[in-house]
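*Asks:* turn this into a model:
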Amino acid sequence: MKVLLTFLALLSTLFAQDLYKEFIKEQVKQIPLGKALVFGRGQAKLITFMNPDCGHCRKEWEELKRHPDKVKVYIFLLPLRGHQESRAKSDYIACSKDRIKALDEVFSGKLDGRVLQVPACPIVDEHIKVAESLNVSAVPYNIILKDYKVIEGYNPQLLQMMGVKR
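*Replies:* Next up, the predicted model:
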């Protein structure tokens, strides 16, 4: 009887994992990737939600940007309430002519402490709507597209999970 119960528990866990993966796959289909900032041209694809003032997001960016030939990252900016400068920084990034250069400038801390006088960028509002539709409330929030795995928060093994590093 114990063997049967153990088998059923294992089976239900595997079934739940498959259902969750399918749920994430369906959610990803709804994400307008054309509205994301895109970095890299590699095969390892990632959707990420980041805040310009989030220390863990900045650390993750530092790791991702070293692999432009191995990763393709769809970046959605999510200025969270309580981060005073993050909306202005997000607007600056999203409406810059060279978004990735602006993102790198902001995420490297070069604009910290400066009051940015930039107009609101409608792309940021679209990014916020995408995050809300997925119930993303904390960053970094990542979806690895090869297996639809969700990583909530910073994970130092992200590049390994994506197959970029061993």
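*Asks:* hang on, P79 is in a helix, isn't it?
*Replies:* No: read with DSSP: H, G, I helix; E, B strand; the rest coil, P79 is coil and lies in no helix.
*Asks:* pretty sure it contacts K89?
*Replies:* Yes: counting by CB atoms under 8 Å, K89 is a contact partner of P79 at 7.4 Å. (Each C-beta comes from the backbone N, C-alpha and C, glycine too.)
*Asks:* these two: who's more crowded?
*Replies:* Neighbour count, other CB atoms under 10 Å: between P79 and K89, K89 has more, with 27 against 24.
*Asks:* picking that back up, overlap in contacts, P79 and K89.
*Replies:* Both P79 and K89 are in contact with P52, where contact means CB atoms under 8 Å, 6 or more residues apart in numbering.
*Asks:* got a pLDDT number for the residue nearest the centre of the chain?
*Replies:* Of all residues in the chain, the one closest to the mean position by CA atoms, centre = their mean is T48, 1.1 Å from it. On the pLDDT scale, T48 is placed at 98.
*Asks:* and the residue lying closest to it once chain neighbours are set aside, which of the three is it?
*Replies:* The shortest distance from T48 to any non-neighbouring residue, by CB to CB, 6 or more residues apart in numbering, is to N142 (4.8 Å). Following three-state DSSP, we place N142 in the strand state.
*Asks:* one more: S90?
*Replies:* helix.
*Asks:* wait, it touches C121, no?
*Replies:* Yes: S90 is within contact range of C121, at 7.3 Å (criterion: CB under 8 Å).
*Asks:* give me the next element, helix or strand, following the least confident helix or strand in the chain by mean pLDDT.
*Replies:* Least confident helix or strand of the chain, by mean pLDDT, DSSP states H and E, is helix 2-29 with a mean of 58. Once the chain leaves helix 2-29, the next helix or strand it forms, by DSSP states H and E, is strand 37-39.
*Asks:* note down every partner strand of that next one and its orientation.
*Replies:* Using DSSP bridges, strand 37-39 pairs in its sheet with strand 71-77 (antiparallel).
*Asks:* I'm done for today, thanks for sticking with me.
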